[in-house]
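> My questions are about this predicted structure, shown below with the sequence.
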Amino acid sequence: MKTIIWKELRENLKWSVLALLCLTLAEIYVLSLQRDGGRDLYYNLTVCSSAFLMVTSFGCSVVGAALGAIQILPELRRDQWAALLHRPVTRSVIFFGKVCAGLLLYFLAATPPLLASVAYVAAPGQFPGPLVPGMILPAASDLFLGLTFYFAALLVSLSRGPWSGSRGLLGLSLLPVFVSHMMTRWIFLLPVLASLILMAAAWGAMMSNGLVSDRPKVGRFSFVLVTLVAASTAVILFDLALFLLPSAVSQPPSISSHRDLELTREGKLLVQSWHDDGSEASLTDVHGQPVTDERYAGNNRPMLYRFTTIDWDFESSHGSIDAYLAQHPRNLRNYVEPADSNQNNNVENWYLLTSRNYFAGYDKLSRRCVAICDIGGFHLPGATPKPFPARLESALWNSWPPYLYWSDGQLYGLDFAERSMAPLFNTRSARIHGAELIGANPGRPSYIGVALDKEIRILDLRGNPLLTIPYAHDPRTWLQVSLATVPSADRIFVSYEPQNFLPTPTSGSEANPSFVDEINLQGNILHSSTIPPTHIDPISPSWAAQVATLTLPFGPAALYTAFSRVFPSEDTVIDSIYQLPSLRLPVSRLAILFAVSAALGIFAFVWARKAGHPKEKARLWTAFVFIFGLPGFITFRLAADWPARVRCPICSTKRSLDAEECPGCHAAWAPPERNGTEIFDPAAT
């Protein structure tokens, strides 16, 4: 094996060095674009920025695939492959020797650029933003993603078949791995597991010279699994292509799918509706009558005052955010979050280090840390930080100072430009669900609204309590609680809305109405308004959605449908409006899918028996096709061990070379004709 490793290193080292130079230049170039400290604070997050991660993910994938192909494809020409296999070692030794050398070459090409990038970012005075160790993890996981592409290139190169057919289909198995790597929490486990499966499939192809029949069991199982994933991906791409055809997508209803509640200067409530494309649908009063007042109709939207959401999804809003971030390690908010997004952005960049629970500020000109802010207030950068006791949570709309943050029931107001942190309000034991600055002019707030467990507290800008408003409606049902006021600031308006979006086209008129209470500063309710839900007639699925439903795998669809009935959840807006195929199916469509899968299974059984498969193997493939539907049928066609068949000399029926007798005439194989060379045949002596 040492000889093979040395041979591979000697032949392909130049390609690894070339890849190293290209990756280094690309990564350093992307990082250098962030040194100017642009206005988008997310743009300055260096090794965790979207631009840098795009380079590492695509770059490592291309390098891995290129090295895998370079190791195999040149040796398949002429007699080089035969010369390689005639070495006095097994094929396994040859394969794993190539793999060991390939991994060394890959990590030589991909690891130094990342280390150089981290060193570049960590150097003082280079970037006006923080670097915490967790920010390196997403880019480091891309190194393992490249391994997946490396073994996929080995498998595709060692397989037989046309590049536009079975080989190209195997390459599609990488698409779900790549997408899942970007969207799931298993950023290290997923590519490693996929690499092991692809390595086993490539090893099986090496052992059998690309044939299906001679592969070891592990290699055959891995090949079937990879082919199933590739076939499923091809079917999904076909379904998506259907929706690109004219009239393939069910058009959303003409009525709006989003609305905003707004106030006039006098405190009159108006309802502004929007279409899905962002265009305005209508401006009405609470009774649905169009607004004709010239002060507010037409383009006079600045004359209206909007509500500010102080809480949404009362019980699980923050928990759902934490769960979402835990499922998406590549999300920047897991490590760093911009804290000052408006006034102070011209001089400094301030970030909340979410993994360390304190703030850090960076000067744009010197690109160095100029201060930190912890539970004790603002300090010089060399001070030892004392993190806040519990995870810091922020207002939804932190656009103007004082920026509102809270930790363990204590509400803080921060002004990074003035280096001030004021403890505004302490709830003692109640939990803060949300807090926002409230005012008719966003730049000049009048009050601070704080959503607690059972009530809303209205504070002045120094944190002194002014008003307590008990919830008039259950915030567990009316998920969005918002506040507004008028320029005189003598009244508080509280809105309770069941959701941001109006009923989706599949839900009809079953949504709850919205309520708005007008309250004076003494806590008296002056007026209550009810805004009925907008009725949207359900739309039928498009023909493309119905066709796409037939391509779903019956087994997973049935399990998911049963699970969703036991644990129901809302359909997404995209599924509801555009009727994209979903695994959650009604009973009627599930019955049709059952019939389609059963027909494919029966056809697979007949085809397998006619091709000479044993009855037991034919039954296994039938069950496989029935469970996985059209993707399973494609896998059966490409991954099944198809026996070699010849025509019977008596009845011309095709028969397998392994069969003892013809299935048509039941005749045995005729003895071979004697030609004088039988003396060398042991069976003839």
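Received it, and whenever you're ready, just let me know what you need.

> what does stretch 178-198 rub up against?
With CB atoms under 8 Å, 6 or more residues apart in numbering as the test, stretch 178-198 has contacts from 57, 61, 137-138, 141, 144-145, 147-148, 150-152, 154-155, 173, 177, 222, 225-226, 326-330. In this view, the C-beta of every residue, glycine as well, is placed from N, C-alpha and C.

> Is Leu147 in a helix, a strand, or coil?
The three-state assignment at Leu147 reads helix, by DSSP: H, G, I helix; E, B strand; the rest coil.

> Same question for Gly64.
Applying three-state DSSP: Gly64 is helix.

> That one: neighbour count?
28 (other CB atoms under 10 Å).

> about what we covered before: of the contacts of stretch 178-198, which belong to helices?
57, 61, 137-138, 141, 144-145, 147-148, 150-152, 154-155, 177, 222, 225-226, 326-327 (DSSP state H).

> and after the lowest-mean-pLDDT helix or strand in the chain, which helix or strand comes next?
When each helix and strand of the chain is scored by mean pLDDT, DSSP states H and E, helix 573-578 comes last, with a mean of 37. Later in the chain than helix 573-578, the nearest helix or strand by DSSP states H and E is helix 587-610.

> Would you mark the buried spots in that following helix?
The neighbour-count criterion (16 or more other CB atoms under 10 Å) identifies Arg589, Leu590, Leu593, Val596, Ser597, Leu600, Gly601, Ala604, Phe605, Trp607, Ala608, Arg609 as the buried residues of helix 587-610.

> Also stretch 132-149?
Going by neighbour count (16+ other CB under 10 Å), the buried part of stretch 132-149 is 132, 134-139, 141-149.

> can you list the weak-confidence ranges in the stretch 351-500 of the chain?
For the stretch 351-500 of the chain, the stretches with pLDDT under 70 are 442, 499-500.

> Can you list the residue ranges for strands in it?
Under the criterion DSSP state E, counting those that start in this stretch, strands of the stretch 351-500 of the chain are mapped to 358-363, 369-374, 377-379, 393-394, 403-407, 410-415, 420-426, 434-438, 447-451, 455-459, 465-470, 480-485, 491-497.

> Compare these and give me the one nearest Thr635.
strand 480-485 (46.2 Å; CB to CB).

> on contacts alone, who are the packing partners of the closest one?
Where contact means 3 or more CB pairs under 8 Å, 6 or more residues apart in numbering; DSSP states H and E, strand 480-485 is packed against strand 258-263, strand 305-306, strand 308-312, strand 434-438, strand 447-451, strand 491-497.

> Gln522 is nearest to which of these?
Taking CB to CB, strand 491-497 is the member of the helices and strands packed on strand 480-485 nearest to Gln522, at 10.6 Å.

> What strands flank the closest one, and is each parallel or antiparallel?
strand 480-485 (antiparallel), strand 514-520 (antiparallel) (DSSP bridges).

> which of these sits most buried?
strand 480-485 (a mean of 23; mean count of other CB atoms under 10 Å).

> just how off-centre is it within its chain?
The chain centroid and the centroid of strand 480-485 are separated by 32 Å under CA atoms, centre = their mean, to the nearest Å.

> Just the C-alphas of it, formatted as PDB.
Provided in PDB are the C-alpha atoms of strand 480-485 (Å, rounded to 0.1, in the frame of the first residue of the first chain):
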ATOM      1  CA  GLN A 480     -49.400  38.900  18.100                       C
ATOM      2  CA  VAL A 481     -49.700  41.700  20.700                       C
ATOM      3  CA  SER A 482     -48.900  45.200  19.400                       C
ATOM      4  CA  LEU A 483     -49.000  48.700  20.800                       C
ATOM      5  CA  ALA A 484     -49.400  52.100  19.200                       C
ATOM      6  CA  THR A 485     -50.100  55.700  20.200                       C
END
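
> Taking strand 258-263 as reference, get the angle to it.
Angle of strand 480-485 versus strand 258-263, following axes from the mean of the first three to the mean of the last three CA atoms, to 10 degrees, is 30 degrees.

> what's in contact with strand 480-485?
Contacts with strand 480-485, where a contact means CB under 8 Å, 6+ apart, come from 261, 263, 305-312, 314, 434, 436, 438-440, 446-447, 449, 451, 456, 471, 475, 491-500.

> so where's the stretch 51-200 of the chain uncertain?
78.

> ok, now with 90
Across the stretch 51-200 of the chain, the ranges flagged by pLDDT under 90 are 51, 73-94, 124-134, 158-169, 182-187.

> Make CSV from the strands paired with strand 491-497 and add distance to Thr549 to it.
Listed next are these as CSV, based on distance: least, CB to CB, whole Å:
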stretch, distance to Thr549
strand 480-485, 34
strand 514-520, 35
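
> and of those, who's closest to Lys617?
Among those, strand 480-485 sits nearest to Lys617 (CB to CB), with 57.7 Å.

> Helices along the stretch 101-250 of the chain, start to end?
Under the criterion DSSP state H, counting those that start in this stretch, the stretch 101-250 of the chain contains helices at 137-158, 166-171, 174-183, 189-207, 217-242.

> what's the second one packed up against?
Using 3+ CB pairs under 8 Å, 6+ apart as the contact criterion, the elements in contact with helix 166-171 are helix 137-158, helix 217-242, helix 615-639.

> Buried by neighbour count: which residues of it qualify?
Buried residues in helix 166-171, counted by 16+ other CB under 10 Å: Ser166, Arg167, Leu169, Leu170, Gly171.

> quick one: which two of the residues you listed are the most distant?
Ser166 and Gly171 (10.1 Å).

> before we move on, the earlier item: out of the helices of the stretch 101-250 of the chain, deepest packed?
Counting by mean count of other CB under 10 Å, helix 137-158 has the highest mean neighbour count of the helices of the stretch 101-250 of the chain, with a mean of 24.
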